[in-house]
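Trainee: Have a look at this prediction, sequence included:
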Amino acid sequence: MVTPNTESNLSAGAAIEPELAVLEQRLGVLLAHTRTLRAANEKLRRDLTAAEARNQALAERVAEAKRRLDALLARLPEPAE
């Protein structure tokens, strides 16, 4: 038996279905964006790690070049006055 109250609940449930479908779609889009951002973030982390390693290697090369230049300068004769 369908009472007026039951009938009201059924129509309210039917009215909510489109809203739920929209929310489900928006949630799917949000999840897709989240996955994309996580992948981009992971790539940026890898790139940063590689850049830091390269920077360290270059800093070591500069330090070695400075040591060699200092050694060469120390071997130069003093200027005559």
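Mentor: Looks like it arrived, so ask away. Numbers count the residues shown, from 1 in each chain.
Trainee: center of the chain - which residue?
Mentor: With distances taken as Cα atoms, centre = their mean, the chain has N41 as the residue nearest its mean C-alpha position (1.8 Å).
Trainee: got a list of what that residue touches?
Mentor: For N41, no contacting residues are found, by Cβ atoms under 8 Å, 6 or more residues apart in numbering. Glycine gets a C-beta too; all of them are placed from N, C-alpha and C.
Trainee: same question, A50
Mentor: So A50 contacts nothing (Cβ under 8 Å, 6+ apart).
Trainee: so what pLDDT did it get?
Mentor: pLDDT recorded at A50 is 98.
Trainee: Let me know the helix or strand that it is in.
Mentor: Here A50 is covered by helix 4-75, with elements defined by DSSP states H and E.
Trainee: any idea how far R54 is from the residue nearest to the centre of the chain?
Mentor: From N41 across to R54, the span is 20 Å (Cβ to Cβ, to the nearest Å).
Trainee: ok, now V62?
Mentor: According to Cβ to Cβ, V62 and R54 sit 13 Å apart.
Trainee: Next: L23.
Mentor: L23 is 46 Å from R54, by Cβ to Cβ.
Trainee: cool, and E78?
Mentor: Where R54 is concerned, E78 sits at a distance of 40 Å (Cβ to Cβ).
Trainee: Those two: who's more crowded?
Mentor: Neighbour tally, E78 and R54, criterion other Cβ atoms under 10 Å: the higher count belongs to R54, 10 against 5.
Trainee: if I pick A71, what's in contact with it?
Mentor: By Cβ under 8 Å, 6+ apart, A71 has no neighbours at all.
Trainee: what do you get for E17?
Mentor: Contacts for E17 (Cβ under 8 Å, 6+ apart) come out as none.
Trainee: Low-confidence stretches in the chain?
Mentor: 1-12 (pLDDT under 70).
Trainee: ok, A63 - how many residues close by?
Mentor: With other Cβ under 10 Å as criterion, A63 counts 10.
Trainee: try R38
Mentor: For R38, using other Cβ under 10 Å, the count is 10.
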